[in-house]
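Q: Give the three-dimensional model of this entry:
(chains A, B, C and D)
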There are 2 protein chains.
Amino acid sequence: MAGSTLRDVARRAGVSIRTVSNVVNGSVPVSEELRTRVQAALDELDYRPNLVARNLRRGRSGMIALVVPELDVPYFAELAREVITAARAHGYVVMLDQTDGDGERERELLGRESRATMFDGLLLSPLTISAEELRSRTNRVPVVLLGEHIFNGSFHHVAIDNVAAAREATEHLLGLGRRRVAAIGDQPYSTGETAQLRTIGYRQALERAGHAVDEELIVPTQRFHRHLGAQAMEHLLALPEPPDAVFCYNDLLAIGAMRAAARAGVRVPDDIAVVGVDGIQEGQYSSPSLTTVAPDKAEIARTAVGTLLGVIDGSAPPPTETKAPHRLLVRESTVGVGGAGP
Amino acid sequence: MAGSTLRDVARRAGVSIRTVSNVVNGSVPVSEELRTRVQAALDELDYRPNLVARNLRRGRSGMIALVVPELDVPYFAELAREVITAARAHGYVVMLDQTDGDGERERELLGRESRATMFDGLLLSPLTISAEELRSRTNRVPVVLLGEHIFNGSFHHVAIDNVAAAREATEHLLGLGRRRVAAIGDQPYSTGETAQLRTIGYRQALERAGHAVDEELIVPTQRFHRHLGAQAMEHLLALPEPPDAVFCYNDLLAIGAMRAAARAGVRVPDDIAVVGVDGIQEGQYSSPSLTTVAPDKAEIARTAVGTLLGVIDGSAPPPTETKAPHRLLVRESTVGVGGAGP
DNA sequence: TGCGCCTTTTGCAACGATGCAATAGCTGAG
DNA sequence: CTCAGCTATTGCATCGTTGCAAAAGGCGCA
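A: Prediction:
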């Protein structure tokens, strides 16, 4: 009862292997008589094509891999969902792997013994790996980068305009009349530049509004997790002159920050307004609900998958830099219960 | 510069294909001289084994698939993380797919043209598909079920003890002196029985404590999402005699319920205590933080992967029913800020 | 010197499918 | 009645790798 092959079916139907293959694929015309006979044999033996063999012969696997730092970070989970959906629309399936933001694992993924050759292409959301490294290791596999920008123009890349997103978030806070706006999530020493771009946007907003940047209010965090947001917030609240608003570089930091505020008896948004980035579902149901800059994840996924498939079939232009749309979702964490949106 | 093969390397090194293969695999001894010569050729050509070909020959892919209803449901994302980790420990990688709880998609996954044959095994968290269907469609691929129990003993299955989990959650509420304990999330008409088991546990707790079950307080929901939890809570709060505690069948429902309570000006836990199931990270940082019955996801993943690999290599016993451990994490949503744990 | 034994290296077939080109079978025109 | 021209069917080679078993080479021992 182990998987039957074309040969088994052919033998049973009394035809050649090739004819069975033709029936299965439907590309070549087959006479009505043989078709039914073969079909019967297919059914009786419950034939399932061996996709590994098919892939070998066709030189395509129909699989792409999506590599993210952590799957249990809601942003990546929600993005993964969209990527799977987008890939399915093109008949592709998605392998998921996570690197835990560990450079070793990222490298391993591209190394000699990696499984990368099993996939037609790679969607990569790198955290620590650098540009040259990436290039030297991926001369075979088509790659599209998500989120993190890597400087030299050797890769296709899809992300939101991080500077603009951060600027808009900060301007929103300033527009509400907040005067001491802090920032949580800078990563001045990281290879990834997302955080740095957001810091630039934050500074731009302050400067354009004619405010001085108080370096004390820019709190770096190693990574973008809830507990680090909480720590950072505790630090800010302990300042002699605490902020009245915080721009967090992602929603998890913001949620951690709100939690710390609640614990300290500081009211959001009355005492301190909070805004995040990512537009994760969690922020809709937090108390208060979270104002956030939401990237259009479905659009990011569609663009990334589309570009990757273009690279795979050779129809893609040279590496492009695609900016995906984002928008500010205003909720209770900045405007209170009165003015909240969805 | 398209991928070089064993043949290319062999030609360049002036040896047979087989010898190159031996060097690459290291299983058969190769003389020092040839080894270095071959190694040089490997490096110069940047040889990467074609895993599709290797898999075809070896009859194994080293991949398992994990199929969940929705990847952006935190429980599944967190579980997926653990599964990926557990699989990696055995040298396996994980393909992820989601069915959106759509029976069609679940069936498609197992159907004739499915990619299931590409994987050595399947971890399946089914929502709607029934037992016979599953059995009739998976006579080839090794399968282990996660979460949902399917009655007849034809599949390996890993889950927590849902009755006990629900009972403990409810008992916790009763132990706090709550008298009108509601339940959100029953699914009396669903094929999956998780919800039904939790209802049984809920009833058990009430009955053992000598309370009558008020059917009005059992609110069914189509699925386990935040907004449905919120709806259910609104319904409960509108009752002539609203409950003073709610057992929600998962954390998302609970978070939605807490949100609805907050919006209605009802305090948690003072006016109404809330407990969920799943132990997702989100519940640690909600305000108030969420009391929950947390399954040991890492253990579930390890057991499931271990069992599946056992089925794959034929060393597994007949289908087993494995109960994974769970524990009650008491937090603010039931005991307030004073007695909260992590 | 010759034989057997051990080690290294190799050739061939196979995994299961599909591309290509040739064959078999048929029709209709001349 | 023959032959071109078409369609349905087939055989063979191939994708890149590995299992198997035989060949080649080296060595010690009788």
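Q: residues from the stretch 1-150 of chain A in reach of DNA strand D?
A: Along the stretch 1-150 of chain A, the residues adjacent to DNA strand D under the rule Cβ under 7 Å from any atom of the strand are A:15-19, A:22, A:28-31, A:33-34, A:53, A:56-57, A:59. Bear in mind the C-beta positions are built from the backbone N, C-alpha and C, glycine included.
Q: Can you sort out which of these also neighbour DNA strand C?
A: Checked against DNA strand C using Cβ under 7 Å from any atom of the strand, these yield the following neighbours: A:Ile17, A:Arg18, A:Ala53, A:Leu56, A:Arg57.
Q: pretty sure the first one is touching A:Val23, no?
A: No - using Cβ atoms under 8 Å as the test, A:Ile17 is too far from A:Val23 to be in contact (10.9 Å).
Q: Show me the shaky parts of the stretch 151-300 of chain A.
A: A:151-152, A:192 (pLDDT under 70).
Q: If we use 90, what do you get?
A: Within the stretch 151-300 of chain A, the segments meeting pLDDT under 90 span A:151-155, A:189-193.
Q: Provide a list of residues in contact with A:His235.
A: For A:His235, the contact set (Cβ atoms under 8 Å, 6 or more residues apart in numbering or on different chains) comprises A:Val219.
Q: any idea how far B:Gly314 is from A:Glu332?
A: Between A:Glu332 and B:Gly314 the computed distance is 57 Å (Cβ to Cβ, to the nearest Å).
Q: Which stretches in chain A count as helices?
A: Taking DSSP state H as the test, the helices found in chain A are A:6-13, A:17-25, A:32-45, A:51-58, A:74-89, A:103-110, A:131-137, A:162-175, A:194-208, A:226-237, A:251-263, A:282-285, A:297-313, A:332-335.
Q: Does chain B have contacts with the first one?
A: In this case it means helix A:6-13. No - Helix A:6-13 stays clear of chain B (Cβ under 8 Å from any Cβ of the partner chain), getting no nearer than 12.6 Å.
Q: Enumerate the residues of the stretch 201-342 of chain A near chain B.
A: Listed as neighbours of chain B in the stretch 201-342 of chain A under the rule Cβ under 8 Å from any Cβ: A:226, A:230, A:255-256, A:258-259, A:262-263, A:281-282, A:284-287, A:289, A:337.
Q: And A:Ala298, how far from A:Leu197?
A: For A:Ala298, the distance to A:Leu197 equals 22 Å [Cβ to Cβ].
Q: Between the two, tell me which one has more neighbours.
A: Set A:Ala298 next to A:Leu197 and count neighbours by other Cβ atoms under 10 Å in any protein chain shown: A:Leu197 wins out with 21 against 16.
Q: who's in contact with the closest residue to the more buried one other than its chain neighbours?
A: Distances taken as Cβ to Cβ, 6 or more residues apart in numbering or on different chains place A:Asn162 nearest to A:Leu197, at 3.7 Å, with adjacent residues excluded. Neighbour list for A:Asn162: A:Thr194, A:Leu197, A:Arg198, A:Gly201 [criterion: Cβ under 8 Å, 6+ apart].
Q: Tell me how far A:Asn162 lies from chain B.
A: According to Cβ to the nearest Cβ, to the nearest Å, A:Asn162 stands 23 Å off from chain B.
Q: just A:Asp120 next, same as before
A: A:Asp120 sits 11 Å away from chain B when distances are taken as Cβ to the nearest Cβ.
Q: right, and that residue touches A:Arg60 too?
A: Yes - checked against Cβ under 8 Å, the pair A:Asp120 and A:Arg60 is within contact range at 5.8 Å.
Q: Looking only at neighbour counts, state which of those two leads.
A: Remark: of A:Asp120 and A:Arg60, A:Asp120 carries more neighbours, 21 against 14, as counted by other Cβ under 10 Å.
Q: Who are the contact partners of the more buried one?
A: Neighbour list for A:Asp120: A:Arg60, A:Ser61, A:Gly62, A:Met63, A:Ile64, A:Tyr92, A:Pro142, A:Ile312 [criterion: Cβ under 8 Å, 6+ apart].
Q: filter those residues to the buried ones?
A: Neighbour-count burial (16 or more other Cβ atoms under 10 Å in any protein chain shown) applied to the contacts of A:Asp120 gives A:Ser61, A:Gly62, A:Met63, A:Ile64, A:Tyr92, A:Pro142, A:Ile312.
Q: tell me the contacts of the second one?
A: Applying Cβ under 8 Å, 6+ apart, one finds that A:Gly62 lies in contact with A:Leu51, A:Asn55, A:Gly91, A:Tyr92, A:Val93, A:Asp120, B:Arg115.
Q: want to throw those into CSV with pLDDT and distance to A:Phe76?
A: CSV is the format used below for those (pLDDT from 0 to 100; distance: Cβ to Cβ, whole Å):
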residue, pLDDT, distance to A:Phe76
A:Leu51, 90, 27
A:Asn55, 92, 27
A:Gly91, 85, 24
A:Tyr92, 89, 19
A:Val93, 87, 18
A:Asp120, 91, 21
B:Arg115, 75, 23
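Q: Going through these, which ones are buried?
A: Buried members of the contacts of A:Gly62, counted by 16+ other Cβ under 10 Å: A:Leu51, A:Asn55, A:Tyr92, A:Val93, A:Asp120.
Q: The closest residue to A:Arg180 other than its chain neighbours and B:Thr334: what is the separation?
A: The shortest distance from A:Arg180 to any non-neighbouring residue, by Cβ to Cβ, 6+ apart, is to A:Pro243 (4.3 Å). Shown here: A:Pro243 relative to B:Thr334, a distance of 33 Å by Cβ to Cβ.
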